[in-house]
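J.: predicted model and sequence below, questions to follow.
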Amino acid sequence: MVLDNSTDAIVLIGLDYSVLAFNQSLLDTLKAYSGRIIKIGEDYRSFVTEQDKEVFHVLVQKAILGETTLIERHSDYKGISIWFEYRMSPTYDREKNLLGVCLRAKNIDTRKKMEIALSESEQKFRNLIESAPNSILIVDTSGKIVHCNIETENTFGFKKEELIDKSVECLVPSRYRSGHDLLVGDYIKSPKPIRIGKNQVTTAVKKDGTEIFVEVSLNGFKVNQTNYVSAIIVDITEKIQTENKIKTQIQELKEIARIQSHEIRRPLANILGLLELLESGMTEEKTSEIHSYLRKSANDLDVLVCEIVKRTSVSLSD
């Protein structure tokens, strides 16, 4: 009754492979998948499929030697695909003499296919992360890195193996680390999409100690009732440097415009005034003096023009 109430298919096989005993579940399973009805005394090997015979023989020999083995096996018989868990163990009589081997088969098809589907989903997820052009970190509730992609290596100089199980704070500049773990903990308690570094500059540190400017997009998610945080990190160092360069160029051009609008007007106004004096008619001595002033004003104007040309050339070349 105990055997027949078990959902596992159980059969006791003698040392000559003859069937010594079996339960109702085994009878129903064999009838459903092979259409055959098992009987006491039959050679159990005739019920084993060709693809499983070699494995079956190995398990029996291990059981005869006193070893219990547990394996998962996929069976595909006459178009029927199913997963079973097989346990093969030695069976003894009351005098501890080896009586045979006990084969217990459990239908794990639903569980196994769910595991395979989950594994395939995880693999797709990992492939998606690996193909991303930006660094991606997966962080657990304690702030430890549980996964990262190859771009993380390129950005920070750490090998993936060096980052796994390390605190995410290893990528945070030391001056910002105080209290960072509390921020991570608070975020995990109430995660929401957030982007750090969009409106203000934030930095991260590479393996060699170099600091880089980054934008970090955070989001929380749950897998198997466990909370995680994904961090997408974009190195914007070159972008920030370019923006700073453009700001410097704009300031330089503003200064050039100021020189053009104010500094050049002074020697030019002097030249125009001196020319009016020459045209009004003056003594030779005064005319000579005005010529010298004209020359000086012209030289001053030439110096300013040269400075503008030089500063413009330097600004544009940068």
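T.: Happy to help now that I have it.
J.: please count neighbours and contacts with C-alpha atoms only from this point.
T.: Noted.
J.: sketch out the strands for the stretch 101-250 of the chain, chain order is fine.
T.: Using DSSP state E, counting those that start in this stretch, the strands of the stretch 101-250 of the chain run over 135-139, 145-148, 194-196, 202-205, 211-223, 226-235.
J.: residue contacts, the nearest residue to residue 194 once chain neighbours are set aside?
T.: Computed as C-alpha to C-alpha, 6 or more residues apart in numbering, the closest residue to residue 194 that is not its neighbour in sequence is residue 218, at 5.2 Å. By C-alpha atoms under 8 Å, 6 or more residues apart in numbering, the contact list for residue 218 reads 192-196, 229-232.
J.: repeat the analysis, applying 7 Å as the threshold.
T.: Residues near residue 218 by C-alpha atoms under 7 Å, 6 or more residues apart in numbering: 193-195, 229-232.
J.: returning to what we had before: weakest of the strands of the stretch 101-250 of the chain by average pLDDT?
T.: Among the strands of the stretch 101-250 of the chain, strand 194-196 carries the lowest mean pLDDT, a mean of 71.
J.: picking that back up, out of the strands of the stretch 101-250 of the chain, which gets nearest to residue 292?
T.: Evaluated with C-alpha to C-alpha, those place strand 211-223 nearest to residue 292, the distance being 57.3 Å.
J.: could you measure the closest residue to residue 132 other than its chain neighbours against residue 236, distance?
T.: Distances taken as C-alpha to C-alpha, 6+ apart put residue 151 closest to residue 132, at 7.6 Å, once the chain neighbours are dropped. According to C-alpha to C-alpha, to the nearest Å, residue 151 and residue 236 sit 14 Å apart.
J.: rewinding a little: count the neighbours of the residue nearest to residue 132 for me.
T.: Number of residues near residue 151 (other C-alpha atoms under 10 Å) recorded here: 19.
J.: what do you get for residue 20?
T.: 20.
J.: is it fair to say it lies in a helix?
T.: No. Counting by DSSP: H, G, I helix; E, B strand; the rest coil, residue 20 is not found in a helix; it is strand.
J.: so who does it touch?
T.: 12-14, 40-41.
J.: switch the cut-off to 8 Å
T.: 11-14, 40-41.
J.: got a winner among these for most neighbours?
T.: Highest count within the contacts of residue 20 by other C-alpha under 10 Å belongs to residue 13, 26 neighbours.
J.: does that one count as helix, strand or coil?
T.: Three-state call for residue 13 (three-state DSSP): strand.
J.: try residue 94
T.: Residue 94 ends up coil, using three-state DSSP.
J.: report how many residues lie close to it.
T.: Number of residues near residue 94 (other C-alpha under 10 Å) recorded here: 7.
J.: any idea how far it lies from residue 113?
T.: 41 Å.
J.: quick check, nearest of the contacts of residue 218 to residue 25?
T.: residue 229 (46.2 Å).
J.: for that closest one, list each beta-bridge partner.
T.: residue 139, residue 220 (DSSP bridges).
J.: ok, now how distant is it from residue 127?
T.: Residue 229 is 18 Å from residue 127, by C-alpha to C-alpha.
J.: settle it for me: which of those two has more neighbours?
T.: residue 229 (22 against 12).
J.: can you map out the helices along the stretch 101-250 of the chain?
T.: 109-131, 150-156, 160-163, 180-189, 237-258 (DSSP state H, counting those that start in this stretch).
J.: that's all I had, so thanks and see you.
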